[in-house]
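Colleague: With the input below, show me the fold.
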Amino acid sequence: MPLTAAQALACFARFDDASLLNALKAIEARAGTDEATPLDDYVAAQGRLDLLTMRRFYEKQLPDEMPAVLKDIDPDAFAEQGIALAKAFARSHPGHSDIERVRGELISTQIRGMMGGMTKGPDAKEAIEKSLELDPDNAWAQFSQARMHYHNPAFAGGDKDKALAELRTLAESIHHFRVSMYLAMTYQAKEMLPQARFWALKAQRAAPDNPEVKHVAEGIARALDEQS
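Modeller: You can find the predicted model right below:
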């Protein structure tokens, strides 16, 4: 059966890297056959982004616990493959807003340090902005923009207050664990720990098996304990 976008997102919520990678291999295997679907390149690009997001979490937070499936991925080459898929899909679907968002986020996974931000950051930003030009109401592109405001340093457009305002607005329309998790992280960065805990618990209820959500929630709990 063809992998749907909803199924890919469900794999991501569970951090089920093995199932998602197998699904991507199945998509590649049916390319050019009667089983291929018009959305295959889009779903495959999104799936690569999800796997790279999982890998980046382990790389930065829990390197000793990174699953073997993710260790075996060459992140830059994997991102380039996803970017190529996104470009191919965009050529055949020139008005598709979300593929530009996916392309921008794939580029952002290649950013390493300040130099990476200077070389890759503008391209990622351009793709996200193009996504919003095509569809100003694309909530996931708005989320990507909020994430940039959260992660970027001030000199590169980072702004925790702006990220918080954007995320609070998005939480009204996107009931997804990543929005709740980023609200928790942003409140924590602003040292507003009770609000951070509220959103972390909300994220955990939505994605109880997600290790990144668990890691964020545990960090907020420790900070509250230290504060009391």
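
Colleague: What separation do you get for the nearest residue to Gly95 once chain neighbours are set aside and Asp98?
Modeller: Excluding the flanking residues, the one nearest Gly95 by Cβ to Cβ, 6 or more residues apart in numbering is Leu134, at 6.2 Å. For glycine as for every other residue, the C-beta is placed from the backbone atoms N, C-alpha and C. Taking Cβ to Cβ, to the nearest Å as the measure, Leu134 falls 9 Å from Asp98.

Colleague: Which of these two has more residues huddled nearby?
Modeller: Neighbours were counted for Leu134 and for Asp98 using other Cβ atoms under 10 Å; Asp98 has more, 21 against 18.

Colleague: Is that one in a helix, a strand, or coil?
Modeller: Following DSSP: H, G, I helix; E, B strand; the rest coil, we place Asp98 in the helix state.

Colleague: Does Leu49 touch Arg103 like I think?
Modeller: No - between Leu49 and Arg103 there is no contact under Cβ atoms under 8 Å: 9.2 Å.

Colleague: for the chain, what are the low-confidence residue spans?
Modeller: Scanning the chain for pLDDT under 70 picks out 1-6, 8-9, 114-118.

Colleague: Strands along that one, start to end?
Modeller: With DSSP state E as the definition, the chain shows no strands.

Colleague: which residues in it form helices?
Modeller: Counting by DSSP state H, the segments of the chain that form helices are 5-14, 17-29, 40-61, 68-71, 75-92, 97-108, 113-134, 139-151, 160-170, 177-189, 193-206, 211-227.

Colleague: Break this protein down into its domains, please.
Modeller: Annotated domains of the chain cover 5-165, 175-228 [automatic domain parsing].

Colleague: what's the offset of the longest one from the middle of its chain?
Modeller: Okay, so that is domain 5-165. Relative to the chain's own centre, domain 5-165 is displaced by 6 Å; criterion: Cα atoms, centre = their mean, to the nearest Å.

Colleague: If anything else comes up later, I'll come back, but that's it for now.
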